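J.: need the 3D shape of this:
(2 chains)
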2 protein chains.
Amino acid sequence: MKGLLALLLLLPASAWAAGSGVVGENLLWLALILLAARLFAPLAQRLGFPAVLGELLLGVALGNLSLFGIAYFDTIAKDPIIAFIAELGVIVLLLQIGLETRLADLMRVGGRAAGVAAIGIAAPFALGALVVGPLLLPGQSQNAYLFLGATLAATSVGITGRVFRDLGKLGSTEARIVLGAAVIDDVLGLVILAVVSGIVQAGSISLAATLWIIAEAALFLGGSIWIGRLIAPHSSRWLARLDAGPSMLFAQVLATGLFLAWLAHLIGLAPIIGAFAAGLLFEPVFLKHFETPRIVQEAAPLLPAGEAGQSLRTLLERHAFHQHESMIEPIGYFFVPVFFVLTGMQVDLKTLADPSLLAIALGITVAAVVGKLVAGFAAGRGVSPWIVGWGMVPRGEVGLIFAVAGRQLGVLGEAMFSVVVIMVILTTLLTPPVLTALLRRR
Amino acid sequence: MKGLLALLLLLPASAWAAGSGVVGENLLWLALILLAARLFAPLAQRLGFPAVLGELLLGVALGNLSLFGIAYFDTIAKDPIIAFIAELGVIVLLLQIGLETRLADLMRVGGRAAGVAAIGIAAPFALGALVVGPLLLPGQSQNAYLFLGATLAATSVGITGRVFRDLGKLGSTEARIVLGAAVIDDVLGLVILAVVSGIVQAGSISLAATLWIIAEAALFLGGSIWIGRLIAPHSSRWLARLDAGPSMLFAQVLATGLFLAWLAHLIGLAPIIGAFAAGLLFEPVFLKHFETPRIVQEAAPLLPAGEAGQSLRTLLERHAFHQHESMIEPIGYFFVPVFFVLTGMQVDLKTLADPSLLAIALGITVAAVVGKLVAGFAAGRGVSPWIVGWGMVPRGEVGLIFAVAGRQLGVLGEAMFSVVVIMVILTTLLTPPVLTALLRRR
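T.: As a prediction, this is how the structure comes out:
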């Protein structure tokens, strides 16, 4: 009853527009994103593009309608409620990716992932700060080149994880290496940004402060997974005793994801890292405490004897034992597109209008791609270096946050900011089709 | 990466606390509500209480921790993002209730529902404005009594619908009558509030304005259901042609719910009325355009011949054909408790501290219950008047909105506001256990 005429009658018009009115608009907005994303996904796939590119391009289109005088979507893109729902979306996505990833598989590629992450940070950073920055954008401050390097070092695991997931390739060694590297990258990116910001603001940063940031992040990741794996089997058993339905397990998994996302945020890490860690905690074996779902029970007396009956039972159980994952699926359908459409909306096409800037940006983009592709060759034998390398290419919302930070610090001027934004756009939009083509060719 | 240290370093502390910090807290908050609600539900049910009472009481406890010096939850209760998610929760709940209600069944009890609604508004209004108001709270203005009557006339369909749904009784004639009456009530309540507010503010309200409010509401309900029923079979066919998976149907249903909620809000109706109307649009028969779900396909070659095979197929299909409803279920698990916990948090236990006020409030509450029970006897033969009557009793968040409106207009003083709030608390908390007992006894 929030929208009751009462509010119309009682509140001043401005308050109504700012509060309840926006709540109303947000409902329309969510409906549009939800339906448009489900319509675009099959259309994009028929054209051979991954679904996520459809969502990103939808966002680009909506975000730039103001070029044609339609400013309706501009306010919604800045709405804090929609921003929170987008954040929930990417948290749910990384939780799903974590659930579909076995911790043991990830550990097995740990060394290779660390190598990819280290080179995937060092190579683009060096290329940006020492080579293409001074070469293509001469006359800027040393700090500006440092920041450019930091932006080139970023990785957006959301885009890549989504492409691997859409194509059902999360189980591949490449996907594991990229996911592991992206998590390490996120931690290292945090360190780089803190260090670069410290140098820009205070002229220097102490080694102790740097080490503390690294230690805190490592402690969180290691600690939450270690403690979580100790607790998860027992909590699953206790909760199953209270209510053995699949909804209890679903609530446990989702609440853990939200809790670790909050904890990661609290210590200054990205919430999605916490959500991914939460996904790694739960293994299908914990499910044994939860009751056989109703469909298996109801079907049991009807099953024929012999092999066909056994196969039917296996089919039903397999279907049912992924119920907690499939219960999170609808939450994903609802929220994940909001994140990608909103990421697309942050793309300002006006930055592409200046030809000389565009040329410089293309040069920077080549460096951004080359730097990450080099990292792909650190993945070692038996995997495609191109898939790993391209998996690290998209800068997505992470790159945009770096760019905005640089502008707020006064390090990146308008021109350099635009160049960085174009690089982020191109790496983000290029990756899904390229990665899809590479994965399909294998 | 929103929570990156960058924001910590760059933004002033106050901005951080207001923006990103709250986003982080909201993650923790959602995790707590989600898990607590799933833990309380089985505990409450073991004690014989409905799950919704557990959620309401959890909210009352959290909302009044400040009595013990713990003010942590006070800010969260006022957070606009949490308020929006609660609103989404009750929208999803009414969409689910609409999906589980057949329009034809609702039409069949239309006359009886209208009778219950009319008496359910008139009796409590007259009791409040003419009898218990002047009797228990002498010396107030005529307008104050008018407002008291209006508050007593309100109905919160969320609480009742939830109880019927939790007990699997949405298919009963009583549930249909209560749902129909509650929808009509919501429209009439809107009219009453507009009229009373108009009288308070301007001294009078024109008949034309009153009729326009009624016409608009009737036009929305009739129009959206009529047009929706014309479109829904065709849109289902078109969408199934594009992508015949269950997620497309889920997106169509949820997006329609959000869209009609927005439309209802736009014309000044409660969003939940739009969501309920959206649920009425979709009938299982539209599902025939969507593909046989994968589990049925995979099981088909394994099914034995004869009757057992046919029973198994029917079981699988029944399970699968409710897939769009069961896909909305997890969204409900996530959001619906937020609404009820937040409703509970609006209860201020301090209002119960004054014995004389409490006595007056108890008298008003008796009038509030009696007024709605009288309406139950308008439901006609073959149904339990007590179940219908108690179904109309809870005032919930609707009553609170009326009370807040009265206070903002300067009509309800502090004492009278407290009395109304206590009445709302008691009717809201009493209904779930009473209704559960009545439904179980049948």
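J.: average pLDDT for stretch A:134-146?
T.: Averaged over stretch A:134-146, pLDDT sits at 88.
J.: hey, which helix is longest across chain A?
T.: Assignment by DSSP state H gives helix A:207-242 as the longest helix of chain A.
J.: helices or strands up against that one?
T.: helix A:173-202, helix A:246-266, helix A:271-281, helix B:20-46 (3 or more C-beta pairs under 8 Å, 6 or more residues apart in numbering or on different chains; DSSP states H and E). Backbone N, C-alpha and C define where each C-beta goes, glycine included.
J.: so the second one versus helix B:20-46, what angle?
T.: Relative orientation of helix A:246-266 versus helix B:20-46 (axes from the mean of the first three to the mean of the last three C-alpha atoms, to 10 degrees): 160 degrees.
J.: for burial, what's the neighbour tally of residue A:209?
T.: Look at residue A:209: counted by other C-beta atoms under 10 Å in any protein chain shown, it has 11 neighbours.
J.: mind checking pLDDT for the closest residue to it other than its chain neighbours?
T.: Closest residue in space to residue A:209, ignoring its immediate chain neighbours: residue A:198 at 7.1 Å, by C-beta to C-beta, 6 or more residues apart in numbering or on different chains. Looking at residue A:198, its pLDDT is 75.
J.: likewise for residue A:276?
T.: For residue A:276, pLDDT reads 87.
J.: just residue A:48 next, same as before
T.: pLDDT, residue A:48: 68.
J.: residues contacting the residue positioned nearest the centre of chain A?
T.: The centroid of chain A falls nearest to residue A:158 when counting by C-alpha atoms, centre = their mean (2.3 Å). Contacts for residue A:158 (C-beta atoms under 8 Å, 6 or more residues apart in numbering or on different chains) come out as A:90, A:93-94, A:272, A:339-340, A:343, A:396-397.
J.: and what of residue A:108?
T.: residue A:176.
J.: hmm, back to that, can you give me the neighbour number for the residue nearest to residue A:209?
T.: 17.
J.: widest-spaced pair of the contacts of residue A:158?
T.: A:94 and A:343 (14.3 Å; C-beta to C-beta).
J.: okay, now the unreliable bits of chain A?
T.: A:1-23, A:48, A:190, A:244-245, A:284-298, A:316-325 (pLDDT under 70).
J.: most distant residue from the centre of it?
T.: Computed with C-alpha atoms, centre = their mean, the residue of chain A farthest from its C-alpha average is residue A:305, at 47.2 Å.
J.: secondary structure element holding the residue nearest to the centre of chain A?
T.: helix A:157-166 (DSSP states H and E).
J.: so which bits of the stretch 101-250 of chain A are right by chain B?
T.: A:156, A:186, A:189-190, A:193-194, A:197-198, A:201, A:213, A:239, A:242-243, A:247-248, A:250 (C-beta under 8 Å from any C-beta of the partner chain).
J.: what is the orientation angle of the longest helix of chain A with helix A:173-202?
T.: Using the same axes, to 10 degrees: helix A:207-242 against helix A:173-202 is 130 degrees.
J.: look up how far residue A:159 lies from the closest residue to residue A:340 other than its chain neighbours.
T.: Nearest residue to residue A:340, sequence neighbours excluded (C-beta to C-beta, 6+ apart): residue A:55, at 3.9 Å. The gap separating residue A:55 from residue A:159 is 10 Å, by C-beta to C-beta, to the nearest Å.
J.: quick revisit: which one of the helices and strands packed on helix A:207-242 lies nearest to residue B:436?
T.: helix B:20-46 (9.5 Å).
J.: angle of that closest one against helix A:271-281?
T.: Using the same axes, to 10 degrees: helix B:20-46 against helix A:271-281 is 30 degrees.
J.: just the angle between helix B:20-46 and helix B:157-166, please?
T.: Going by the same axes, to 10 degrees, helix B:20-46 makes 50 degrees with helix B:157-166.
J.: helix or strand right after helix B:20-46?
T.: Per DSSP H and E, the first helix or strand lying C-terminal to helix B:20-46 is helix B:51-63.
J.: tabulate the CA atom coordinates of that following helix in CSV.
T.: The C-alpha trace of helix B:51-63 is given here as CSV (Å, rounded to 0.1, in the frame of the first residue of the first chain):
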residue,chain,number,x,y,z
ALA,B,51,5.6,-19.3,9.9
VAL,B,52,4.5,-15.7,9.2
LEU,B,53,4.0,-15.1,12.9
GLY,B,54,7.6,-16.1,13.5
GLU,B,55,8.8,-13.6,10.9
LEU,B,56,6.6,-10.8,12.4
LEU,B,57,7.8,-11.5,16.0
LEU,B,58,11.4,-11.6,14.7
GLY,B,59,10.8,-8.2,13.3
VAL,B,60,9.2,-6.9,16.6
ALA,B,61,12.2,-8.2,18.5
LEU,B,62,14.8,-6.7,16.2
GLY,B,63,12.9,-3.4,15.9
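J.: that helix versus helix B:20-46: what angle between them?
T.: Using the same axes, to 10 degrees: helix B:51-63 against helix B:20-46 is 140 degrees.
J.: and helix B:51-63, what does it pack against?
T.: Short answer (3+ C-beta pairs under 8 Å, 6+ apart): helix B:51-63 packs on helix B:20-46, helix B:72-77, helix B:157-166, helix B:323-345, helix B:414-441.
J.: residue B:234 is nearest to which of those helices?
T.: Using C-beta to C-beta, the helices and strands packed on helix B:51-63 put helix B:323-345 closest to residue B:234, at 17.1 Å.
J.: report the angle between that closest one and helix A:323-345.
T.: Counting by the same axes, to 10 degrees, helix B:323-345 lies at 80 degrees to helix A:323-345.
J.: and residue A:83, which of the three is it?
T.: helix (DSSP: H, G, I helix; E, B strand; the rest coil).
J.: that one: how many residues sit nearby?
T.: Other residues close to residue A:83 by other C-beta under 10 Å number 19.
J.: ok, for it, nearest residue in space, not its chain neighbours?
T.: residue A:342 (7.1 Å).
J.: OK, contacts around that neighbour?
T.: A:59, A:77, A:82-83, A:86.
J.: how about residue A:166?
T.: A:50-52.
J.: same question for residue A:308.
T.: Residue A:308 is in contact with B:302, B:304, counting by C-beta under 8 Å, 6+ apart.
J.: ok so, going back, in CSV, list the helices and strands packed on helix B:51-63 along with distance to residue B:119.
T.: Formatted as CSV, these follow (distance: least, C-beta to C-beta, whole Å):
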stretch, distance to residue B:119
helix B:20-46, 32
helix B:72-77, 35
helix B:157-166, 17
helix B:323-345, 26
helix B:414-441, 17
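J.: out of those helices, deepest packed?
T.: Mean neighbour count (mean count of other C-beta atoms under 10 Å in any protein chain shown) peaks for helix B:157-166 among these, with a mean of 25.
J.: chain center to that one, what's the gap?
T.: Between the centre of helix B:157-166 and the centre of its chain there are 8 Å (C-alpha atoms, centre = their mean, to the nearest Å).
J.: next: stretch A:204-223.
T.: Mean C-alpha position of stretch A:204-223 versus that of the full chain (C-alpha atoms, centre = their mean) differs by 23 Å.
J.: now it: buried residues?
T.: Neighbour-count burial for stretch A:204-223 flags A:205, A:213, A:216-217, A:220-221 (criterion: 16 or more other C-beta atoms under 10 Å in any protein chain shown).
J.: likewise stretch A:237-255?
T.: Result for stretch A:237-255 [16+ other C-beta under 10 Å]: buried residues A:239-240, A:243, A:245-255.
J.: doesn't residue A:43 make contact with residue A:51?
T.: No - the criterion here is C-beta atoms under 8 Å, and residue A:51 misses it with residue A:43 at 9.2 Å.
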